[in-house]
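Participant: using only what follows, build the 3D model:
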Amino acid sequence: MTEAQEKGGAGGGNVETVPPREILRLGLEEVPGKKDESKEKPSGKELDPLQKVGFRLALTFFAYILLASIAIFFVSFRCFELPPFPTPPSNPGDPEQYKRLLDAYKQTSDIYQQTAKLQVERATQLFQLVVASTILPVFSAILGYIFGSKKSGD
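Facilitator: You can find the predicted model right below:
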(Lines give C-alpha, C1' and ligand atoms only; values in the text may rest on other atoms or scores of the structure.)
Protein backbone atom coordinates (compact mmCIF):
# COMPACT_ATOMS: atom_id res chain seq x y z
CA MET A 1 0.00 0.00 0.00
CA THR A 2 1.37 3.38 -0.92
CA GLU A 3 1.46 6.40 1.28
CA ALA A 4 -1.21 8.16 -0.81
CA GLN A 5 -3.53 5.17 -0.44
CA GLU A 6 -3.08 5.13 3.34
CA LYS A 7 -3.96 8.83 3.60
CA GLY A 8 -6.66 8.91 1.00
CA GLY A 9 -8.29 5.53 1.39
CA ALA A 10 -8.50 2.69 -1.09
CA GLY A 11 -9.49 4.89 -4.05
CA GLY A 12 -6.17 6.64 -4.14
CA GLY A 13 -7.76 10.04 -5.01
CA ASN A 14 -7.46 13.32 -3.18
CA VAL A 15 -9.44 13.31 0.05
CA GLU A 16 -10.28 16.53 1.82
CA THR A 17 -9.75 16.56 5.57
CA VAL A 18 -12.59 18.25 7.45
CA PRO A 19 -12.24 19.19 11.12
CA PRO A 20 -14.90 17.75 13.46
CA ARG A 21 -16.31 21.19 14.34
CA GLU A 22 -16.90 21.90 10.68
CA ILE A 23 -18.73 18.58 10.30
CA LEU A 24 -21.03 19.46 13.19
CA ARG A 25 -21.68 22.96 11.85
CA LEU A 26 -22.45 21.69 8.36
CA GLY A 27 -24.57 18.85 9.72
CA LEU A 28 -26.68 21.18 11.80
CA GLU A 29 -27.20 23.61 8.93
CA GLU A 30 -28.22 20.94 6.44
CA VAL A 31 -31.21 19.39 8.20
CA PRO A 32 -33.46 17.58 5.71
CA GLY A 33 -36.84 19.23 5.27
CA LYS A 34 -35.64 22.59 6.54
CA LYS A 35 -34.36 24.93 3.93
CA ASP A 36 -34.98 28.55 4.73
CA GLU A 37 -36.33 28.13 8.25
CA SER A 38 -32.91 27.43 9.76
CA LYS A 39 -31.54 30.71 8.46
CA GLU A 40 -34.19 32.83 10.19
CA LYS A 41 -32.91 35.02 12.97
CA PRO A 42 -34.51 34.61 16.37
CA SER A 43 -37.27 37.11 16.88
CA GLY A 44 -36.90 39.17 20.01
CA LYS A 45 -38.67 42.32 21.01
CA GLU A 46 -37.14 44.96 23.19
CA LEU A 47 -39.18 45.81 26.23
CA ASP A 48 -41.11 49.04 26.43
CA PRO A 49 -39.88 51.54 29.03
CA LEU A 50 -42.78 50.70 31.32
CA GLN A 51 -42.03 46.98 30.96
CA LYS A 52 -38.37 47.66 31.78
CA VAL A 53 -39.44 49.39 34.98
CA GLY A 54 -41.72 46.44 35.76
CA PHE A 55 -38.88 44.01 35.13
CA ARG A 56 -36.56 45.93 37.47
CA LEU A 57 -39.32 46.09 40.05
CA ALA A 58 -39.83 42.33 39.76
CA LEU A 59 -36.08 41.77 40.28
CA THR A 60 -36.21 44.03 43.32
CA PHE A 61 -39.14 42.11 44.77
CA PHE A 62 -37.37 38.81 44.09
CA ALA A 63 -34.33 40.09 46.00
CA TYR A 64 -36.67 41.23 48.77
CA ILE A 65 -38.19 37.72 48.95
CA LEU A 66 -34.71 36.20 49.27
CA LEU A 67 -33.70 38.76 51.91
CA ALA A 68 -36.90 38.21 53.90
CA SER A 69 -36.45 34.43 53.77
CA ILE A 70 -32.89 34.70 55.06
CA ALA A 71 -33.96 37.11 57.80
CA ILE A 72 -36.78 34.79 58.90
CA PHE A 73 -34.38 31.85 59.00
CA PHE A 74 -31.86 33.87 61.01
CA VAL A 75 -34.43 35.16 63.50
CA SER A 76 -36.11 31.80 63.94
CA PHE A 77 -33.12 29.50 64.20
CA ARG A 78 -30.02 31.54 65.03
CA CYS A 79 -31.23 34.18 67.48
CA PHE A 80 -33.24 31.77 69.63
CA GLU A 81 -31.10 28.69 69.89
CA LEU A 82 -32.38 25.72 71.80
CA PRO A 83 -30.48 24.46 74.83
CA PRO A 84 -28.63 21.17 74.42
CA PHE A 85 -30.70 18.02 74.46
CA PRO A 86 -31.04 16.61 78.00
CA THR A 87 -28.72 13.77 78.89
CA PRO A 88 -30.23 10.44 79.91
CA PRO A 89 -29.95 9.53 83.59
CA SER A 90 -27.30 7.15 84.77
CA ASN A 91 -28.20 4.15 86.93
CA PRO A 92 -27.34 5.09 90.54
CA GLY A 93 -28.27 1.64 91.89
CA ASP A 94 -31.50 2.64 93.66
CA PRO A 95 -34.49 1.59 91.47
CA GLU A 96 -36.85 4.24 92.95
CA GLN A 97 -34.42 7.10 92.34
CA TYR A 98 -33.73 5.80 88.83
CA LYS A 99 -37.49 5.81 88.09
CA ARG A 100 -37.76 9.42 89.29
CA LEU A 101 -34.75 10.42 87.18
CA LEU A 102 -36.18 8.59 84.16
CA ASP A 103 -39.56 10.32 84.54
CA ALA A 104 -37.84 13.70 84.84
CA TYR A 105 -35.79 12.91 81.73
CA LYS A 106 -38.93 11.98 79.77
CA GLN A 107 -40.63 15.23 80.79
CA THR A 108 -37.57 17.26 79.92
CA SER A 109 -37.20 15.61 76.51
CA ASP A 110 -40.92 16.17 75.79
CA ILE A 111 -40.56 19.86 76.64
CA TYR A 112 -37.45 20.06 74.44
CA GLN A 113 -39.31 18.47 71.51
CA GLN A 114 -42.26 20.83 71.95
CA THR A 115 -39.93 23.82 72.00
CA ALA A 116 -38.19 22.66 68.82
CA LYS A 117 -41.56 22.10 67.14
CA LEU A 118 -42.71 25.59 68.17
CA GLN A 119 -39.55 27.08 66.69
CA VAL A 120 -40.23 25.47 63.31
CA GLU A 121 -43.91 26.46 63.41
CA ARG A 122 -42.93 30.03 64.20
CA ALA A 123 -40.60 30.16 61.20
CA THR A 124 -43.32 28.70 58.98
CA GLN A 125 -45.91 31.21 60.20
CA LEU A 126 -43.51 34.13 59.71
CA PHE A 127 -42.70 32.98 56.19
CA GLN A 128 -46.38 32.63 55.32
CA LEU A 129 -47.21 36.02 56.79
CA VAL A 130 -44.35 37.99 55.29
CA VAL A 131 -43.53 36.24 52.02
CA ALA A 132 -46.48 34.13 50.91
CA SER A 133 -49.31 36.50 51.77
CA THR A 134 -47.76 39.93 51.14
CA ILE A 135 -44.69 39.91 48.89
CA LEU A 136 -45.45 36.98 46.59
CA PRO A 137 -48.81 38.27 45.28
CA VAL A 138 -47.23 41.62 44.35
CA PHE A 139 -44.34 39.81 42.65
CA SER A 140 -46.82 37.66 40.69
CA ALA A 141 -48.82 40.70 39.64
CA ILE A 142 -45.71 42.46 38.36
CA LEU A 143 -44.63 39.41 36.36
CA GLY A 144 -48.17 39.01 35.05
CA TYR A 145 -48.13 42.60 33.84
CA ILE A 146 -44.77 42.19 32.09
CA PHE A 147 -45.72 39.00 30.26
CA GLY A 148 -49.32 40.04 29.68
CA SER A 149 -48.33 43.32 28.07
CA LYS A 150 -45.84 41.48 25.84
CA LYS A 151 -48.62 39.32 24.39
CA SER A 152 -51.04 42.20 23.88
CA GLY A 153 -48.32 44.26 22.18
CA ASP A 154 -47.63 41.59 19.49
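Participant: tell me how far the residue most central in space within the chain lies from Glu16.
Facilitator: Centroid-nearest residue in the chain: Leu66, 11.5 Å away (criterion: Cα atoms, centre = their mean). According to Cβ to Cβ, to the nearest Å, Leu66 stands 55 Å off from Glu16. For every residue, glycine as well, the C-beta is placed using N, CA and C.
Participant: do the same with Val120
Facilitator: As for Val120, its distance to Glu16 is 68 Å (criterion: Cβ to Cβ).
Participant: so between these two, which is more surrounded?
Facilitator: Neighbour totals were compared for Val120 and Glu16, and Val120 leads with 11 against 5 (other Cβ atoms under 10 Å).
Participant: distance check, that one against Lys106.
Facilitator: Val120 sits 22 Å away from Lys106, going by Cβ to Cβ.
Participant: please apply the same query to Arg100.
Facilitator: 11 Å.
Participant: just give me the neighbour total for Tyr98.
Facilitator: 14.
Participant: I'd say it and Pro92 touch.
Facilitator: Yes. With contact defined as Cβ atoms under 8 Å, Tyr98 and Pro92 form a contacting pair (6.3 Å).
Participant: contacts for stretch 87-94 next, please.
Facilitator: Outside stretch 87-94, the residues that touch it by Cβ atoms under 8 Å, 6 or more residues apart in numbering are 98, 101-102, 104-105.
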